[in-house]
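Peer 1: just a sequence and a predicted model for now, questions to come.
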Amino acid sequence: MNILVLLRMVPDVVEELEIAADGKSLALESLRMILSESDGHALEEALLLKERCGGEVTVLALDSPEIDDVLFTSLAKGADRVVKITGVETGLTSRGAALILSQVIATAESLMPADLILTGTQAIDNLDGLVGPLVAHFLRLPFVAIVVQVTVEASGGTATVVKEYRGGVRGEFEVRLPAVLGIQSAEKPPRYVPVAKVRAAAKSRRIESLPAPSQLERP
């Protein structure tokens, strides 16, 4: 079972925010970036699946301030590999981010094949949750969003996912693999790792790098 987890950094809205000169956007240079909460749940769900089914968890992220700390934390939590896409412009739209992620996934032999591609559902800067479905669309893979539970069948060819609806209603679906899943919440809270373990990972492990595509084209 090979699982690819897509992580994105978002502005920390607890910090004081400044408006850019255009009067419509945030001043990016003043922002503190943190991992999107639902992406943290996607990583946790991947680690739980690895513990149950075996295999490898690879984390893929767009380059961003503070991303190295997040990637080393992912290694400390149990990820096998972490990969950073460099040369990424700031202020990407959800579509732009999805184009870069999907094109890198489609062209980098070290990332594929993957049985599951997990990403968060919503984010502070992506309330419509478009990154996951767009990545699935560009890669021509099935997609299920707002997932709260994943069970991979023994054959490895399909997965049963539980999707949450409004009012606490849940639906169960069978999806053929490979597939992209938008994780709403992991089956357990994201695990905590002490700072000492993160520092140890930073000393003994490495972050792999892949360049962003020079031209964005639909994969």
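Peer 2: All right, it came through fine.
Peer 1: from now on I want contacts and neighbour counts done on CA atoms only, so please keep to that.
Peer 2: Fine.
Peer 1: how far away from the center of its chain is the longest helix belonging to the chain?
Peer 2: As assigned by DSSP state H, the longest helix anywhere in the chain is helix 37-53. Centre-to-centre, helix 37-53 and its host chain are 10 Å apart (C-alpha atoms, centre = their mean, to the nearest Å).
Peer 1: okay, buried residues for that helix please.
Peer 2: For helix 37-53, a neighbour-count test (16 or more other C-alpha atoms under 10 Å) marks 37-50, 53 as buried.
Peer 1: can you give me how far the lowest-mean-pLDDT helix or strand in the chain is from the chain middle?
Peer 2: Ranked by mean pLDDT, DSSP states H and E, the weakest helix or strand in the chain is strand 9-11, scoring a mean of 81. With C-alpha atoms, centre = their mean as the basis, strand 9-11 stands 12 Å off its chain's centre.
Peer 1: just checking: what are the partner strands of that strand?
Peer 2: strand 33-35 (antiparallel) (DSSP bridges).
Peer 1: what sits up against the partner strand?
Peer 2: 7, 8, 9, 10, 11, 12, 64, 65, 66, 70 (C-alpha atoms under 8 Å, 6 or more residues apart in numbering).
Peer 1: could you do stretch 38-57 as well?
Peer 2: By C-alpha under 8 Å, 6+ apart, the surrounding residues in contact with stretch 38-57 are 1-8, 59, 74, 78-81, 118-123, 150-152, 182-191.
Peer 1: whichever of the residues you listed end up buried, select them in ChimeraX.
Peer 2: Only the buried entries of the contacts of stretch 38-57 go into this ChimeraX selection, using 16+ other C-alpha under 10 Å:
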select :1,2,3,4,5,6,7,8,59,74,78,79,81,118,119,120,121,122,123,150,152,182,183,184,185,186,190
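Peer 1: taking the contacts of stretch 38-57 one by one, which sit in strands?
Peer 2: 2-7, 59, 81, 118-120, 150-152, 182-183 (DSSP state E).
Peer 1: which one of those residues is nearest residue 167?
Peer 2: residue 183 (17.8 Å; C-alpha to C-alpha).
Peer 1: show me what the closest one is bridged to.
Peer 2: Going by DSSP bridges, residue 183 forms beta bridges with residue 120, residue 147.
Peer 1: please consider this matter closed, and thank you.
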